[in-house]
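Chemist: Predicted structure and sequence below. I'll ask about it afterward.
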Amino acid sequence: MYQIPELLKFPKLFHAFSTKADGNMANSILGKVQDFSVVVPNRKRFLTKLDVSVDETVCMWVVHKDEVVIADKKWSGRSILDSNYAIKVDAILTDKKNLYLFLLIADCLPVIFFDPVKEVVGLVHVGWKGVDLEIAAKATRRLENDYNTNPKDVIVGLGPAARKDSFIKENPSQVDDSEWQPFIDQLDANHYKVDFVGLCKKQIIDSGVLEKNIIDCYIDTVHDNRFFSHVRERELPLNHQGRFACVVGIRNQD
């Protein structure tokens, strides 16, 4: 289990990341739904270790789109236990105390939003497609519209992800995009380093969040063997691959 140290100073914000030692948490890998007789016990053990109830947890199933939804307690519990009920979305917000958001990743960027004034949290999955769709900025706007959040109050945590030196794309479509160009370095005739985390951070700042309020763990999942990594493990058999979880919520301390 891993937590970003700087986020721990916010007592009402709860967050944690599973590691490979906690087991595979995936809904699916490369389109293949996982064996839930293995996945569910892994999830239960991890949540028990966090003192988080399965019945209070909403599981997301990423779809690489830009919808931002407000969590509903009716989704909790069964979305963790049965993949058919996982919420197919990449960004979810809640102001409900002790309702936890559960995201699966392996190299994409988990982004935690926390408004300590309005007491709202959000969890956003950002890959390079999500950056193209500006999903993190859209989550900020949804916080403003639905919760009257002031972006200057928002704390953002950037979790473990594939970083620029590890995320290499062959002839990326973004190479001619002026927004992307400062975040792409050419390696050879066909290969480029793509800093999708850097561009995501810029989009969050442009949405009104203060740069000083963005806390980056700087962990590169491709090189840190504590975490599952699609880039590092994609040639392995599926039963040797996995996804790790990010869990966030607001703890009721009353």
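Modeler: In hand now; what should we look at? Residues are numbered from 1 along each chain as shown.

Chemist: From the chain's centroid, how far away is stretch 172-186?
Modeler: 23 Å (C-alpha atoms, centre = their mean, to the nearest Å).

Chemist: What's the end-to-end length of it?
Modeler: For stretch 172-186, the first and last residues are 10 Å from each other (C-alpha to C-alpha, to the nearest Å).

Chemist: quick one: average pLDDT of it?
Modeler: Per-region confidence: stretch 172-186 scores 91 on mean pLDDT.

Chemist: and that stretch, which residues are buried?
Modeler: Buried residues in stretch 172-186, counted by 16 or more other C-beta atoms under 10 Å: Pro172, Gln174, Trp180, Phe183, Ile184. The C-beta positions use only the backbone N, C-alpha and C, and glycine is treated the same way.

Chemist: Kindly state the pLDDT recorded for the residue lying closest to Leu30 once chain neighbours are set aside?
Modeler: In this structure, Leu30 finds its nearest non-sequential neighbour in Leu238, 6.8 Å apart by C-beta to C-beta, 6 or more residues apart in numbering. Taken from the predicted model, the pLDDT recorded for Leu238 is 84.

Chemist: so how far is Gly31 from Leu238?
Modeler: In this view, Leu238 and Gly31 are 10 Å apart by C-beta to C-beta, to the nearest Å.

Chemist: Show me which of the two is the more surrounded one.
Modeler: Neighbour tally, Leu238 and Gly31, criterion other C-beta atoms under 10 Å: the higher count belongs to Leu238, 14 against 5.

Chemist: if we can go back for a sec, can I get the buried residues of stretch 172-186 in JSON lines with distance to Val222 and secondary structure?
Modeler: As requested, the buried residues of stretch 172-186 are exported to JSON lines (distance: C-beta to C-beta, whole Å; DSSP: H, G, I helix; E, B strand; the rest coil):
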{"residue": "Pro172", "distance to Val222": "17", "secondary structure": "coil"}
{"residue": "Gln174", "distance to Val222": "19", "secondary structure": "helix"}
{"residue": "Trp180", "distance to Val222": "20", "secondary structure": "coil"}
{"residue": "Phe183", "distance to Val222": "17", "secondary structure": "helix"}
{"residue": "Ile184", "distance to Val222": "17", "secondary structure": "strand"}
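
Chemist: Farthest-apart pair in the residues you listed, please.
Modeler: Across those, the longest distance by C-beta to C-beta is 10.6 Å; it joins Pro172 and Phe183.

Chemist: what's the overlap in contacts for these two?
Modeler: Residues touching both Pro172 and Phe183 (C-beta atoms under 8 Å, 6 or more residues apart in numbering) are Val194.

Chemist: which residues of this structure fall in helices?
Modeler: Secondary structure of the chain by DSSP state H: the helices cover 36-49, 78-81, 128-132, 135-147, 196-206, 230-233.

Chemist: nearest to Lys20, of those helices?
Modeler: Closest among the helices of the chain, using C-beta to C-beta: helix 230-233, at 9.8 Å.

Chemist: And the contacts of the closest one?
Modeler: Looking at helix 230-233 with C-beta under 8 Å, 6+ apart, the contacting residues turn out to be Ala106, Asp107, Ala162, Ser166, Phe167, Thr221, Val222, His223, His240, Gln241, Gly242.

Chemist: Filter the residues you listed down to the buried ones, PyMOL style.
Modeler: The following PyMOL selection, which keeps only the buried ones among those, applies the criterion 16+ other C-beta under 10 Å:
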select buried, resi 106+107+162+166+167+221+222+241+242
